[in-house]
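A.B. asks: heads up, no residue letters with this:
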């Protein structure tokens with residue numbers, strides 16, 4: 001099992017920056033993929049950025065050039081640096097982990113954090 005805990009959300013003015021962090025804990029040997037999703041009121045949850053264990057990244061078109069995802073495999077953490085924030089970035093941001101290997105060799109997927117609110121004022 002994996003527990004994901006996010007931190008770093010808050011209120012910021014347009015053009016400002018925030019950094020989100022997510023720490024994974026529990027009994028597991030490794031996590032293949034980690035990422036950040038967001039869900040705005042009345043909208044579906046969408047992928048913001050993802051990163052593999054090897055460091056390959058992918059981003060939603062709407063955040064390319066503004067957001068940077070990073071990962072520390074030794075600490076089981078993933079971060080999201082958000083720059084040049086826009087009001088349309090306002091949402092609850094969720095940390096996600098997929099491809100989790102346990103010490104016994106089992107494989108599981110689909111872990112989510114509780115979410116952290118990001119609000120960008122205009």
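C.D. replies: In hand now; what should we look at? Remember, predicted model here, so these are calculated numbers, not experimental data.

A.B. asks: and residue 88, that's in a helix?
C.D. replies: Yes - the assignment for residue 88 (DSSP: H, G, I helix; E, B strand; the rest coil) places it in a helix.

A.B. asks: show me the contacts for it.
C.D. replies: Residues counted as contacts of residue 88 (C-beta atoms under 8 Å, 6 or more residues apart in numbering) are 40, 62, 120. (Each C-beta comes from the backbone N, C-alpha and C, glycine too.)

A.B. asks: and for the first one, nearest residue in space, chain neighbours not counted?
C.D. replies: Taking C-beta to C-beta, 6 or more residues apart in numbering as the measure, residue 40 lies nearest to residue 91, with 4.2 Å between them; neighbours along the chain are not counted.

A.B. asks: contact partners for the one you found?
C.D. replies: 38, 39, 40, 43, 117, 118.

A.B. asks: out of these, which are buried?
C.D. replies: Among the contacts of residue 91, those classed as buried by 16 or more other C-beta atoms under 10 Å are 38, 118.

A.B. asks: from the contacts of residue 91, which is closest to residue 20?
C.D. replies: residue 118 (7.5 Å; C-beta to C-beta).

A.B. asks: next one: the closest one from residue 44, what distance?
C.D. replies: Note on residue 118: its distance to residue 44, by C-beta to C-beta, to the nearest Å, is 17 Å.

A.B. asks: picking that back up, now secondary structure too, for the contacts of residue 91, in CSV please.
C.D. replies: Shown next, in CSV, are the contacts of residue 91 (three-state DSSP):
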residue, secondary structure
38, strand
39, strand
40, coil
43, coil
117, strand
118, strand
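
A.B. asks: middle-most residue in the chain, spatially?
C.D. replies: Centroid-nearest residue in the chain, with C-alpha atoms, centre = their mean: residue 36, separated by 2.5 Å.

A.B. asks: which SSE is that residue in?
C.D. replies: For residue 36, the element it lies in under DSSP states H and E is strand 30-39.
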